[in-house]
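Chemist: build me a structure from this.
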Amino acid sequence: MTITPEQLKDILAAGEGLKVEFKLCGTGGINPSTYETVCAFSNRYGGDIFLGVDDKTGEVVGVPEKVVLETIRNFVASINNPQLLSPPVSLDFHPEVLKYDGKNVIHIRIPPSSDVHWHNKSIYDRVNDSDIKITGTKQIRAMCYRKQKFSTENIVYPHIKENDLRLDMLKTIRQMAANHRKMKFGHTENHPWENMSDKELMKSAKLYDMDSETEKWGYNLAAVMLLGKDDLITSIVPSYRTDALLRKVNVDRYDDRDMIITNLIDSYYLLMDFAGKHLLDKFYLEDDRRVSLRTIISREMLVNTLMHRELTSSISARFIIEKDRMLTENANRAETIGSLTPDNFTSNSKNPIIAAFFRNIGMADELGSGVRNLYHYTMRYSGKLPEMIEGDVFRTIVPLDDEYSYDVELKKLIEKGHPKATQNEPKTLQLKRTTDELQTKILEIMQKNPKITAVAIAEELGIGLRSTRRYIQNLKEMGSVEYTGTSRNGHWTIKT
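Modeler: Numbering: from 1, shown residues only. Sure, this is the predicted structure:
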């Protein structure tokens, strides 16, 4: 738990952020806004507060020796005072005193909480490096969803009857599951659903379950979203819909629109039809076999937004195709905030029942493969990297370039005698091109902000810190960049 001097030095250099807050603290006591941060950290992902650091400059001013112990006692007493923080905040670790250049810094680690906390009758949330007062009911509801230990897909509705559902779809679903299983494991492998009754299948897929509180059996929200009739879906989740929009000419409104309000399986096919109508299907060979980049990329984006959306949110999901990009947006129970990449992505299904159902019928792959596929094939489709941004609204952005052809670019490199440009090594070539692009971006960022830290560069690019440091080291070894000065007061020099 104890932070080393080297770690504190890096934290001070990186500055405040989603999980780090600096506060001045002198003989006058603790800054009252500190408790807003305690509330905000508890309501988001937890974080570290450093008392004795100027939040404007990041300079260590220190906490006077004579008030250190009193400050810690007052802080602990205050966070356990229900009149100040409700419910009170419990610490996993006692505050510690750190020494930095002979000055005292009090480090307090605030854990995330499963409760929604109030400070002076107001709710605070952490956004970037700020504590934001939450007043809207939608924001409060989103916070409650995020803190739920169970997915809302598990909510059981005992009043739902079989004739409220599209059980006629189960025949096709059995066949899809059987085909997927045989394709994956061979023709001798049967899927368990093939010989099950409708009720047995629904129980096996966890769509028919018992409410642990009432002990009543019924179909859950996952069953409603996967197999519900349209009127049932709108009666239970009235805000549910997916907007598909084309904005290439009329960017203020749309050139084409499809408002989809139906079960998740039919929604998938309708959205894929929309993508097929408005996106180019570029020629691409993989292992001497033609592969549809359009289908793969659209599938990964759309399956993700259908499977992992927060179903009960009032925020509608969107699929938008523009001239230079396409994107999906959906309400999300975020576990972190920021860009996701294959380096920092952690597999976590927001709706595990729905995700498992999609995988069983072959509409989705194993968790985590979607991110890798999206990075791999987007570069071949448009020559650029996609973006996946985690937050209370999850966004996936795929650049578009109708003029780009991976096949043509590869041919040019082969003609130029590029050492890694062979038809048998497209993956190696791709990794090389990706590395070159990222290192070029790092140089551009350093040129704009010579004092920027590696941590800040990683955040801006949305890649892992370890990868960022490796790219920077490559640039140093190439003689492209040099760092002068201390870690706190130094700067980058770009060499031509």
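Chemist: now the strands for the stretch 201-350 of the chain?
Modeler: Shown for the stretch 201-350 of the chain, the strands assigned by DSSP state E, counting those that start in this stretch span residues 208-210, 217-220, 242-247, 256-260, 285-286, 289-290, 317-322, 325-331, 338-340.
Chemist: also the stretch 1-150 of the chain?
Modeler: Using DSSP E, counting those that start in this stretch, strands in the stretch 1-150 of the chain cover 20-23, 25-26, 29-30, 47-51, 85-86, 96-100, 103-110, 118-119, 122-127, 130-134.
Chemist: direction included, what does the last one pair against?
Modeler: Using DSSP bridges, the strands paired with strand 130-134 are strand 122-127 (antiparallel).
Chemist: can you give me the buried ones in the partner strand?
Modeler: Neighbour counts over strand 122-127 (16 or more other Cβ atoms under 10 Å) mark Ile123, Tyr124, Asp125, Arg126 as buried. From N, CA and C alone the C-beta is placed, and that goes for glycine too.
Chemist: ok so, going back, wait, which of the strands of the stretch 201-350 of the chain is closest to Glu153?
Modeler: Of all those, it is strand 217-220 that lies closest to Glu153, at 6.5 Å by Cβ to Cβ.
Chemist: the closest one pairs with which strands?
Modeler: Counting by DSSP bridges, strand 217-220 is paired with strand 156-157 (antiparallel), strand 208-210 (antiparallel).
Chemist: put the alpha carbons of it into CSV.
Modeler: Provided in CSV are the C-alpha atoms of strand 217-220 (Å, rounded to 0.1, in the frame of the first residue of the first chain):
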residue,chain,number,x,y,z
TRP,A,217,-40.0,-17.8,-11.3
GLY,A,218,-40.4,-15.8,-14.5
TYR,A,219,-38.8,-14.6,-17.7
ASN,A,220,-36.1,-12.0,-17.1
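Chemist: please list the outside residues in contact with it.
Modeler: Surrounding strand 217-220, the residues in contact under the criterion Cβ atoms under 8 Å, 6 or more residues apart in numbering are 153-160, 164-165, 202, 206-211, 353.
Chemist: isn't Cys25 up against Gly52?
Modeler: Yes - Cys25 lies in contact with Gly52 (Cβ atoms under 8 Å); the separation is 5.4 Å.
Chemist: overlap in contacts, these two.
Modeler: The contact lists of Cys25 and Gly52 share Val63, Ile106, where a contact means Cβ under 8 Å, 6+ apart.
Chemist: dump the strands paired with strand 217-220 to CSV, plus mean pLDDT and mean neighbour count.
Modeler: Shown next, in CSV, are the strands paired with strand 217-220 (pLDDT from 0 to 100; neighbours: other Cβ atoms under 10 Å):
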stretch, mean pLDDT, mean neighbour count
strand 156-157, 90, 18
strand 208-210, 90, 18
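Chemist: and those strands as CSV, adding distance to Met326?
Modeler: Compiled in CSV, the strands paired with strand 217-220 are given as follows (distance: least, Cβ to Cβ, whole Å):
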stretch, distance to Met326
strand 156-157, 35
strand 208-210, 36
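Chemist: among the strands of the stretch 1-150 of the chain, which comes closest to Ser405?
Modeler: If we rank those by Cβ to Cβ, the stretch that ends up nearest is strand 122-127, at 40.8 Å.
Chemist: how about that closest one as PDB, C-alpha atoms only?
Modeler: The C-alpha atoms that make up strand 122-127 are tabulated as PDB, following Å, rounded to 0.1, in the frame of the first residue of the first chain:
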ATOM      1  CA  SER A 122     -25.300  16.800  -2.700                       C
ATOM      2  CA  ILE A 123     -24.100  14.000  -4.800                       C
ATOM      3  CA  TYR A 124     -20.600  14.300  -6.400                       C
ATOM      4  CA  ASP A 125     -19.100  12.300  -9.300                       C
ATOM      5  CA  ARG A 126     -15.600  12.300 -10.600                       C
ATOM      6  CA  VAL A 127     -15.100  13.400 -14.200                       C
END
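Chemist: quick one: that strand to chain centroid distance?
Modeler: 20 Å (Cα atoms, centre = their mean, to the nearest Å).
Chemist: contacts for it, please.
Modeler: 18-19, 36-37, 39-41, 43-45, 47, 116-117, 131-134, 139-140, 143, 337.
Chemist: out of the residues you listed, which are inside helices?
Modeler: Of the contacts of strand 122-127, the ones assigned to helices by DSSP state H are Glu36, Thr37, Cys39, Ala40, Phe41, Asn43, Gln139, Ile140, Met143.
Chemist: which one of the residues you listed is nearest Asp92?
Modeler: Phe41 (12.3 Å).
Chemist: can I assume that closest one is in contact with Lys19?
Modeler: Yes - between Phe41 and Lys19 there is a contact at 7.4 Å, judged by Cβ under 8 Å.
Chemist: need the overlap of contacts for these two.
Modeler: Gly47, Arg126.
Chemist: so for the two, which sits in the more crowded spot?
Modeler: Phe41 (29 against 19; other Cβ atoms under 10 Å).
Chemist: contacting residues for the more buried one?
Modeler: So Phe41 contacts Lys19, Glu21, Gly47, Ile49, Ile110, Pro112, Arg126 (Cβ under 8 Å, 6+ apart).
Chemist: pull out the buried members of the contacts of strand 217-220.
Modeler: The buried subset of those (16+ other Cβ under 10 Å) comprises 153-157, 160, 164-165, 202, 206-209, 353.
Chemist: dump these to CSV, plus distance to Met272.
Modeler: Converted to CSV, the buried ones among the contacts of strand 217-220 look like this (distance: Cβ to Cβ, whole Å):
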residue, distance to Met272
Glu153, 22
Asn154, 28
Ile155, 28
Val156, 31
Tyr157, 29
Ile160, 28
Asp164, 26
Leu165, 23
Met202, 26
Lys206, 26
Leu207, 23
Tyr208, 28
Asp209, 30
Ile353, 22
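Chemist: any idea how far the residue of the chain most remote from its centre is from Thr27?
Modeler: Distance from the centre of the chain peaks at Lys66, with 44.6 Å (Cα atoms, centre = their mean). Applying Cβ to Cβ, to the nearest Å, the value for Lys66 to Thr27 is 8 Å.
Chemist: quick revisit: ranking the strands of the stretch 201-350 of the chain by burial, who's on top?
Modeler: Neighbour counts (mean count of other Cβ atoms under 10 Å) averaged over each of those peak at strand 325-331, with a mean of 22.
Chemist: relative to strand 317-322, how tilted is that one?
Modeler: Here the directions of strand 325-331 and strand 317-322 differ by 170 degrees (axes from the mean of the first three to the mean of the last three Cα atoms, to 10 degrees).
Chemist: now do the contacts for the closest residue to Ser292 other than its chain neighbours.
Modeler: Of all residues not flanking Ser292 in the chain, Asp281 sits nearest, at 5.7 Å (Cβ to Cβ, 6 or more residues apart in numbering). For Asp281, the contact set (Cβ under 8 Å, 6+ apart) comprises Ser292, Leu293, Arg294, Thr295.
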